[in-house]
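Asker: Show me the folded form of this:
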Amino acid sequence: MEAVITVFAVLFVLLVALGTYATVKAVTAAKRGVDRTIAQGRRTVEDHTLRAKSLTRPGPAGEIAQLRLTLRTSMRATQDALHAGPAEDASLKESLGLFERLSVHGRELDVVLKHLESEPDRATLTARLPELRTRTERITASADSLRWAARDRASRFAEDDLDALSSQIDIEAGALRHWTNATAQSTAPWPEAPGTDEAAARRQTWPREPEAQAITPPAARPAYPWQKKPRPESTT
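Answerer: Numbers count the residues shown, from 1 in each chain. As a prediction, the model looks like this:
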């Protein structure tokens with residue numbers, strides 16, 4: 001009895017532990033999804049704000065907003081392109097490592113540009129714009145290079161796979177056509193029956209035997225003088 005109670009107690013503890021683990025995993029996944037949604041929404045709002053500032057603010061302040069928008073757009077597009085590739089690609093892993101190093105410079109520049117958005121001194125902004133513009137162009141050029149290389153690599157892989165698939169389809173199509181020809185030969189119609197004249201010509205004929213002559217009674221034998229006359233049969 002004690003053993004049964006122990007088994008039930010162990011099963012109960014296991015069920016509670018599994019339930020707790022599943023609950024924690026579900027909550028973590030939900031929290032991660034919520035955080036991702038909030039981050040995406042925040043980025044979207046910030047991008048729209050930067051686009052509005054670049055259009056509505058004249059002078060250095062508007063150019064600062066435009067530089068920040070350009071930097072963020074390029075880095076995000078490159079990140080998406082690199083993560084869209086196959087995870088087992090060694091060359092892509094090296095590109096991701098390079099992008100992470102580039103992202104450090106990009107985040108630092110984004111922080112600087114964000115602080116300068118609220119800078120009231122136009123002379124300071126004007127003096128720093130050439131250096132900020134150069135840094136932004138260098139980072140975005142490197143990001144664009146990685147992004148287009150990743151896309152070209154993905155396109156090349158897709159073309160190679162398409163070539164292999166086309167070759168297999170051509171082989172299969174040839175096999176199907178060969179099977180069709182063989183079926184057509186095996187199901188060819190029978191030749192038509194020969195006509196009456198041809199059938200008569202092909203009919204085997206046998207040589208006709210001479211008709212048996214009619215049986216005729218034997219001719220009377222001639223009587224010779226040296227022959228004795230036949231005796232009459234006795235009636236007695």
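Asker: switch to C-alpha atoms for all contacts and neighbour counts from now on
Answerer: OK.
Asker: least trustworthy helix or strand in this protein by mean pLDDT?
Answerer: helix 196-202 (a mean of 55; mean pLDDT, DSSP states H and E).
Asker: Going by contacts, tell me the helices and strands next to the host helix or strand of residue 101.
Answerer: Applying DSSP states H and E as the criterion places residue 101 in helix 90-117. Counting contacts by 3 or more Cα pairs under 8 Å, 6 or more residues apart in numbering; DSSP states H and E, helix 90-117 is packed against helix 60-83, helix 122-186.
Asker: Report the angle between it and helix 60-83.
Answerer: Computed with axes from the mean of the first three to the mean of the last three Cα atoms, to 10 degrees, the direction of helix 90-117 lies at 160 degrees from that of helix 60-83.
Asker: buried stuff in helix 90-117?
Answerer: By 16 or more other Cα atoms under 10 Å, the buried positions in helix 90-117 come out as 92-93, 95-96, 99, 102-103, 106, 109-110, 113, 116-117.
Asker: how many neighbours does residue 45 have?
Answerer: 12 (other Cα atoms under 10 Å).
Asker: where are the low-confidence patches of the chain?
Answerer: Filtered on pLDDT under 70, the chain yields the residue ranges 1-2, 8, 27-40, 42-43, 87-88, 179-236.
Asker: at 80 what do you get?
Answerer: Along the chain, segments meeting pLDDT under 80 span 1-51, 53-58, 85-91, 154-161, 177-236.
Asker: For residue 139, which non-adjacent residue is closest in space?
Answerer: Distances taken as Cα to Cα, 6 or more residues apart in numbering place residue 106 nearest to residue 139, at 6.6 Å, with adjacent residues excluded.
Asker: residues contacting that neighbour?
Answerer: By Cα atoms under 8 Å, 6 or more residues apart in numbering, the residues touching residue 106 are 71, 75, 139.
Asker: Could you dump the residues you listed into a markdown table with neighbour count added?
Answerer: Shown next, in a markdown table, are the contacts of residue 106 (neighbours: other Cα atoms under 10 Å):
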| residue | neighbour count |
| --- | --- |
| 71 | 22 |
| 75 | 22 |
| 139 | 19 |
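Asker: Go through the residues you listed and name the one nearest residue 24.
Answerer: Checking those against residue 24 by Cα to Cα gives residue 75 as the nearest, at 33.4 Å.
Asker: my read: that closest one touches residue 103, true?
Answerer: Yes: contact criterion Cα atoms under 8 Å: residue 75 and residue 103 qualify, at 7.5 Å.
Asker: Contact partners for the residue lying closest to residue 117 once chain neighbours are set aside?
Answerer: Closest residue to residue 117 apart from its sequence neighbours, by Cα to Cα, 6+ apart: residue 61 at 6.0 Å. Going by Cα under 8 Å, 6+ apart, residue 61 touches 53, 54, 116, 117, 122, 125.
Asker: Looking at those, which is nearest residue 172?
Answerer: The closest of these to residue 172 turns out to be residue 54 (Cα to Cα; 58.2 Å).
Asker: What's the local residue count around the closest one?
Answerer: Quick note: residue 54 (other Cα under 10 Å) scores 21 neighbours.
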